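could you work out the structure for the sequence below:
(chains A and B)
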Amino acid sequence: MSNTSADDFKEMHALMSMLQNLDVGLVILDRNYHIQLWNSFMESHSGKYPYEVKGKSIFTEFPEINEEWFRHKAESVFLLNNRAFTTWEQRPYLFKFKNYRPITGKAEFMFQNSTLIPLGSADGNVERIGIIIYDVTDIAVNRVELKSVNDELKRLSRTDKLTQLYNRGYWEECLDKEFKRCKRTGSTSSMLMFDIDHFKKVNDAYGHPTGDEVIKTTANILRETMRETDIAGRYGGEEYVVILINANAEQAFNFAERLRERIAKTVVHHLDFSVNYTVSLGICEISDKIVNHSQWIEMSDQGLYRSKEAGRNTSTIYT
Amino acid sequence: MNQALNVKVTEEQRDCYQEISNVAMGQAADLLARLLHVHVILPIPVVNLLEVNELRMALSGIESSNSVSGVCQGFIGNGISGEALLIFNDASFNDISKLLKYGGELDTSLELELLMDTANILIGACLRGIAEQLDVVFSQGHPIVLGQHVNLNDLVQANNYRWSKTLAIEINYKIEGFDINCDLLLLFAEDSIDSLNEKVNFLLED
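So this is what the prediction gives:
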């Protein structure tokens, strides 16, 4: 009999030292949020001994804990006898501890996930809760870095390198979205397509580097002329497209004329050359006749074609 | 390629899964109702044995055109393992925010709080309900945010799942008087289905 209880005691002792040495934070709180248990992980990282914190409110000992937020989570554990989990994505940490790797670690502090578990008594009421703190710094740092790399890749995959406008693929996606939005909401938008007149001659006469400069300058003028909400893209070599959100054909025409005049007045200086050039533009307002975004592009292209027919340096509304 | 486990679920077993889910779901709804003082509309859980790449089809409560946010959480115990997936229609957040009494502007981080809070309650309670009935104990992993404001298909993209089949229980929660629509999906791994069936057979014998 006495032997068994001695064995039990040894086992208990072994279990307790396992818990003490577990490299995970363990805290037990009573119903008033006073700290009852504090393992050595918590002691080491916080610099506070168990006897210092025992019986003290977790909120006064650790002012970095947002009391309202934490109570919101913990109350549901007390009330519902149900576990709750919080992740570093919600709040980077519960306890502000230093990074476990102060030298090579990239983050300043320890990112933490935490689990709140109900600790019941015999009558089924939750009198205490246990908090388990996991160090997830490496996961969090990797995730954040991966996201920033992915965002940059996404930006690059959408952008035309020379003009920094959207490239054709992404611009068409935007047009498709806008087309569907207009159909759904009944709002009116227009699209504009334009190209540089006799661009081949520019290239032949001054060379490709100057031709590229003309293309870039045109993109810059477009960016300066359009509203922030408009969506511009480089459709092809010297072809540009713009979605004019919530603009009817007349408003789009005014925009096109403003753009045309600005470009006609511009002289591109590159190497020893001074290049003056013009553009031809086609406009198409969305209508019931248009069944998909490709047709919208086609009709704008038709408008552009008529401007060319009319002698270039002109804007035409496709009707 | 995939291990051909050749799992089956009989009509009788399927009914039993439905019954178990019904009870568990009721318990979860009860918790939700107690916490939020609302009436939760209880649907009939849908139980299906399906190919993992058909996962999208199990989410019948959510329309594919909507932007959604989701969390998943793994669980394991007594030879049974799986994942719980909670998917919200993004349009629901306004009303959930009112229900959970969070002040402040509804932004991505507040939505994440709401998502996690609801996941904690619904997933925890449902799993506990099921575990109690099957007389097993589940350990739960930490929940992972699958994505916020994404297309449903991107959220449940079946890329390289190791199993071909999964036992899926879909529970579509709605709350009376609120525009809240969320789908809780409990997915059991293919190699757990035999153990599950055994447990269920015990219940059926009584």
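
the residue in chain B sticking out farthest from the centre: which element?
The centre of chain B is farthest from one residue, B:G104, which by C-alpha atoms, centre = their mean lies 28.6 Å away. Assigned by DSSP states H and E, B:G104 belongs to no helix or strand.

spatially nearest residue to A:G282 (excluding sequence neighbours)?
Using C-beta to C-beta, 6 or more residues apart in numbering or on different chains and skipping residues adjacent in sequence, the residue nearest A:G282 is A:G303, 2.7 Å away. Any C-beta I mention is one placed from the backbone N, CA and C, and that applies to glycine too.

where's that neighbour relative to chain B, distance?
A:G303 sits 32 Å away from chain B, going by C-beta to the nearest C-beta, to the nearest Å.

and that residue, helix, strand or coil?
helix (DSSP: H, G, I helix; E, B strand; the rest coil).

and the gap between it and A:T316?
5 Å (C-beta to C-beta, to the nearest Å).

sorry, back to before: model confidence for the closest residue to the residue farthest from the centre of chain B other than its chain neighbours, exactly?
Once flanking residues are discounted, B:G104 sits nearest to B:L110: 6.2 Å by C-beta to C-beta, 6+ apart. B:L110 carries a pLDDT value of 83.

so where does B:L110 fall, helix or strand?
B:L110 belongs to helix B:108-134, assigned by DSSP H and E.

do the helix or strand that that helix is followed by and chain A come into contact?
Once the chain leaves helix B:108-134, the next helix or strand it forms, by DSSP H and E, is strand B:139-140. Yes: against chain A, strand B:139-140 shows contacts by C-beta under 8 Å from any C-beta of the partner chain at B:Q140.

against which helices or strands is strand B:139-140 packed?
strand B:67-77, helix B:108-134 (3 or more C-beta pairs under 8 Å, 6 or more residues apart in numbering or on different chains; DSSP states H and E).

so for A:G303 and A:T316, which sits in the more crowded spot?
A:G303 (25 against 22; other C-beta atoms under 10 Å in any protein chain shown).

list the contacts for the more buried one?
Residues in contact with A:G303 (C-beta atoms under 8 Å, 6 or more residues apart in numbering or on different chains) are A:M193, A:L281, A:G282, A:I283, A:C284, A:T316, A:I317, A:Y318.

now do it, the pLDDT please.
pLDDT at A:G303 comes out at 95.

now for A:G186, how many residues are close by?
Neighbour tally, A:G186, other C-beta under 10 Å: 7.

same question for A:M42.
When neighbours are counted by other C-beta under 10 Å, A:M42 comes out with 23.

which parts of chain B sit against chain A?
B:31, B:34-35, B:73, B:102, B:109, B:112-113, B:116-117, B:119-121, B:124-125, B:128, B:140, B:142-145.

list the buried residues in the helix holding B:L110.
Neighbour-count burial for helix B:108-134, counted by 16 or more other C-beta atoms under 10 Å in any protein chain shown, picks out B:110-131, B:133-134.

got it, and stretch A:312-319?
A:N313, A:T314, A:S315, A:T316, A:I317, A:Y318.

give me the distance from stretch B:100-117 to the chain's centre.
20 Å (C-alpha atoms, centre = their mean, to the nearest Å).

which neighbours do A:G303 and A:T316 share?
A:L281, A:G282, A:I283.

for the first one, give the beta-bridge partners.
With beta bridges defined as DSSP bridges, A:L281 has these partners: A:F194, A:S315.

that one and A:R312 touch, don't they?
No: using C-beta atoms under 8 Å, A:L281 makes no contact with A:R312, being 10.1 Å away.

got a list of what residue 58 touches?
If you meant another chain, say so; for now it's chain A. A:V27, A:L29, A:Y33, A:H34, A:I35, A:I65, A:F70.

chain B is the one I meant
Residues B:V46, B:N48, B:L50, B:A168, B:E170, B:L185 are the ones in contact with B:A58 under the rule C-beta under 8 Å, 6+ apart.

mind checking how far it is from B:L49?
Using C-beta to C-beta, which is the criterion applied here, B:A58 is 10 Å from B:L49.

cool, and B:E132?
B:E132 is 23 Å from B:L49, by C-beta to C-beta.

and what of A:K98?
50 Å.

next one: A:Y49
The value you get for A:Y49 to B:L49, if C-beta to C-beta is used, is 55 Å.

A:F70 against A:F95, yeah?
No: judged on C-beta under 8 Å, A:F70 makes no contact with A:F95 at a distance of 10.9 Å.

any idea which element A:C174 lies in?
Per DSSP H and E: helix A:168-185 holds A:C174.

equivalent analysis for B:N153, please.
helix B:152-155.

do me a favour and average the pLDDT over the following helix or strand past that helix.
Remark: after helix B:152-155, the chain's next helix or strand is strand B:165-175, criterion DSSP H and E. Averaging pLDDT along strand B:165-175 gives 86.

neighbouring strands - and their directions - for strand B:165-175?
In the sheet, strand B:165-175 lines up with strand B:40-41 (antiparallel), strand B:46-51 (antiparallel), strand B:181-189 (antiparallel) (DSSP bridges).

and it, what's buried?
B:K165, B:T166, B:L167, B:A168, B:I169, B:E170, B:I171, B:N172, B:Y173, B:K174, B:I175.

my guess is the first one meets B:L49, correct?
Pointing back at B:K165 there. Yes: when contacts are counted by C-beta under 8 Å, B:K165 is listed as touching B:L49 (6.2 Å).

mutual contacts of those two, please.
B:V7, B:I193.

next up, the contacts around the closest residue to B:S69 other than its chain neighbours.
Spatial nearest neighbour of B:S69, chain neighbours left out: B:Q148 (4.4 Å); criterion: C-beta to C-beta, 6+ apart. With contact set as C-beta under 8 Å, 6+ apart, B:Q148 has these partners: B:S69, B:T108, B:E111, B:L112, B:L115.

any idea how far the helix or strand harbouring B:Q148 is from the chain center?
If you go by DSSP H and E, B:Q148 is part of strand B:144-151. With C-alpha atoms, centre = their mean as the basis, strand B:144-151 stands 15 Å off its chain's centre.
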